[in-house]
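# I'll drop the sequence and a predicted model, then ask my questions.
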Amino acid sequence: MFLKRTSAIVLRQFYLLRGSPARTLPLFIWVAIDIVLWGFITKYLNSVTASGFNFVPTLLGAVLLWDFFTRVMHGVTTAFFEDVWSRNFLNFFASPLSIPEYLSGLVLTSIVTSLIGLVFMLVLATTVFGLSFFAYGLMLIPFLLVLFLTGIALGIIGSAVVLRFGPASEWFVWPIPALLSPFAGVFYPLSTLPPWMQVIGRLLPPSYVFEGMRNVVAGRPISGITLLWGICLALLYILLACWYFTRVYKHAVRTGLIARYSAETLS
């Protein structure tokens with residue numbers, strides 16, 4: 001794998017962001033809306049409850065972590081969609097660019113954009129609502145790692161779906177985080193879910209993050225084995241996602257679909 005080719009993918013995305021405020025502002029706008037909305041909700045809940053329970057590290061922290069996961073996934077898919085929208089995908093693979101190099105470029109782009117969003121969220125949540133991430137301690141590192149790996153896996157899968165079924169299928173990709181959130185137990189323990197939803201939840205790496213986060217806030221111990229299982233699941237999903245993308249790409253080349261790529265392509 002050649003780093004120059006991978007960096008070329010990242011550089012193209014940088015030029016797109018630099019030259020278009022319409023692409024840059026979403027890195028901050030939706031993040032700010034979520035943090036402000038949920039920040040005031042947590043302040044209200046703190047004011048009307050007499051138990052002394054602090055909702056800020058539980059609810060606002062969950063919102064911030066889930067937004068980070070969403071930004072990671074959308075960072076990969078948006079970088080891929082830029083090539084789809086500009087009809088540039090065929091140009092890339094007419095060059096010596098390989099699949100690992102291309103996917104690595106998408107991942108690096110997602111790292112940059114998601115970190116920008118994460119820093120902005122941290123500053124806003126800390127200065128306005130007093131959210132201290134020292135409450136999570138060193139566990140914040142594996143929490144972010146699991147969410148990052150899972151977001152990358154889903155981003156690659158979403159890109160493969162669009163490559164296989166055409167640009168019109170991108171509307172199946174955007175709602176994925178919202179569809180997964182009820183099963184991941186972002187705002188409540190998995191034990192509150194019906195048994196069949198709990199089974200699905202245990203297959204989702206983010207569920208181990210939010211269960212662990214609630215344990216940290218409540219002062220309960222965290223099972224290292226459980227969190228390690230979440231990391232292993234996330235790594236497995238990345239391998240499966242890369243395998244699926246490669247298989248879809250080979251299918252597109254073999255059938256000529258990649259040469260006929262257009263908004264009307266559905267099969």
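Looks like it came in fine.

# what's the burial count for residue 127?
Neighbourhood size, residue 127 [other Cβ atoms under 10 Å]: 9. C-betas here are computed from N, CA, C, even on glycine.

# now for the strand or helix carrying it, which elements pack on it?
Element membership of residue 127, judged by DSSP states H and E, is helix 99-129. Where contact means 3 or more Cβ pairs under 8 Å, 6 or more residues apart in numbering; DSSP states H and E, helix 99-129 is packed against helix 3-18, helix 26-48, helix 61-85, helix 140-165, helix 224-255.

# between these, which one is nearest to residue 178?
Closest approach to residue 178 among the helices and strands packed on helix 99-129 (Cβ to Cβ): helix 61-85, 8.6 Å.

# Could you pull up the residues touching residue 38?
Residue 38 makes contact with 59, 60, 63, according to Cβ atoms under 8 Å, 6 or more residues apart in numbering.

# In contact with the second one, which residues?
The reference is to residue 60. 35, 38, 39, 42, 125, 129, 131.

# how about TSV for the residues you listed, with pLDDT added?
Below are these laid out as TSV (pLDDT from 0 to 100):
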residue	pLDDT
35	75
38	72
39	75
42	74
125	79
129	75
131	72
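
# Top of the residues you listed by number of neighbours, please.
Neighbour counts for the contacts of residue 60 (other Cβ under 10 Å) peak at residue 125, which has 25 neighbours.

# Surely that residue is in contact with residue 39?
Yes - in this structure, residue 125 is within contact of residue 39 by Cβ atoms under 8 Å, at 6.7 Å.

# any common contacting residues for the two?
Joint contacts of residue 125 and residue 39 (Cβ under 8 Å, 6+ apart) are 60, 131.

# where does the helix holding residue 127 sit relative to the chain's centre, distance-wise?
From the chain centre to the centre of helix 99-129 is a distance of 9 Å (Cα atoms, centre = their mean, to the nearest Å).
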